[in-house]
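1. From the sequence below, what's the structure:
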Amino acid sequence: MQDKTIKYFRGKRVGTETYYEGDAFITKRYYDDKANNVKEMVTVKGTSKEIKHFTASGVLSKTENFLKGVRHGIETRYVIPKADESIKSTKRYQDGKLHGECMTYDQTGKVIKQEVFALGKLVLKYVQKKDLDNEIECIEIVDKESLKHIPETDFDTLESYKREHPEWFKKA
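-> Alright, predicted model coming up:
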């Protein structure tokens with residue numbers, strides 16, 4: 001299937017192209033400008049869908065994943081001015097809810113915010129030092145009841161931190 005159409009949306013021309021690439025169904029939506037840059041690229045494979053969002057100048061700004069129509073997997077946002085796919089933040093989803101480690105980075109790639117969620121609830125906060133190294137200062141357990149629901153890899157990391165750096169944990 002090779003289908004290229006021009007559609008009108010709120011008075012603007014938007015190009016749409018749909019086709020199969022192997023067993024993946026691809027939909028590209030274009031900005032209406034001379035460069036004809038992709039605005040959004042949707043790849044559907046079975047019940048999973050990946051959406052890549054781009055700026056009008058063609059810079060990748062965000063990727064997100066869905067399973068059976070629900071947000072699932074990693075969402076990644078990129079630093080726009082850099083145009084080199086430097087990561088601004090990552091969030092993990094399961095069945096439409098934040099689940100697992102969520103990270104935010106500064107322009108140089110240092111972690112400025114690190115949290116762990118379990119089925120939509122904030123469970124852990126990692127507090128970074130405000131020095132040049134930006135290392136972990138402490139780990140705050142926000143929701144002890146939900147701690148048992150965090151992903152296994154995040155739980156294992158937490159347990160190793162407890163053994164290796166007991167000074168990082170705040171006393172409640």
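2. residue contacts, the residue at minimal distance from the centre of the chain?
-> In the chain, the residue lying closest to the centroid (C-alpha atoms, centre = their mean) is residue 75, at 1.9 Å. Neighbour list for residue 75: 62, 63, 64, 65, 90, 91, 92, 93 [criterion: C-beta atoms under 8 Å, 6 or more residues apart in numbering]. Every residue, glycine included, has its C-beta placed from N, CA and C.
3. if you set the cut-off to 7 Å instead, what comes out?
-> Residue 75 makes contact with 64, 91, 93 under the criterion C-beta atoms under 7 Å, 6 or more residues apart in numbering.
4. which parts of stretch 155-169 are buried?
-> 155, 158, 161, 168 (16 or more other C-beta atoms under 10 Å).
5. ok, residues contacting that stretch?
-> Counting by C-beta under 7 Å, 6+ apart, 124, 136, 138, 139 sit against stretch 155-169.
6. Ok, stretch 133-153 next?
-> For stretch 133-153, the external contacting residues (C-beta under 7 Å, 6+ apart) are 99-100, 110-111, 116, 118-119, 121-129, 161, 168-170.
7. one more time with 8 Å, if that's ok
-> So stretch 133-153 is contacted by 92, 99-101, 110-112, 116-119, 121-129, 155, 158, 161, 165, 168-170, 172 (C-beta under 8 Å, 6+ apart).
8. for the record, mean pLDDT for it?
-> Mean pLDDT, computed over stretch 133-153, is 91.
9. CA atoms only for that stretch, dumped as CSV, please.
-> Output in CSV follows, covering the C-alpha atoms of stretch 133-153 (Å, rounded to 0.1, in the frame of the first residue of the first chain):
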residue,chain,number,x,y,z
ASP,A,133,29.6,15.8,40.2
ASN,A,134,25.8,15.9,40.8
GLU,A,135,26.0,12.6,42.7
ILE,A,136,23.1,11.2,44.9
GLU,A,137,22.8,13.0,48.2
CYS,A,138,19.9,11.0,49.6
ILE,A,139,17.1,8.7,48.6
GLU,A,140,13.6,9.4,50.0
ILE,A,141,11.1,6.6,50.2
VAL,A,142,7.8,8.4,49.5
ASP,A,143,5.3,5.5,49.6
LYS,A,144,6.5,2.5,51.5
GLU,A,145,3.3,0.5,50.7
SER,A,146,3.9,0.8,47.0
LEU,A,147,7.6,-0.1,47.2
LYS,A,148,6.8,-3.8,46.6
HIS,A,149,5.2,-2.9,43.2
ILE,A,150,8.2,-1.2,41.6
PRO,A,151,9.9,-3.0,38.7
GLU,A,152,12.3,-5.7,39.8
THR,A,153,15.4,-3.9,38.3
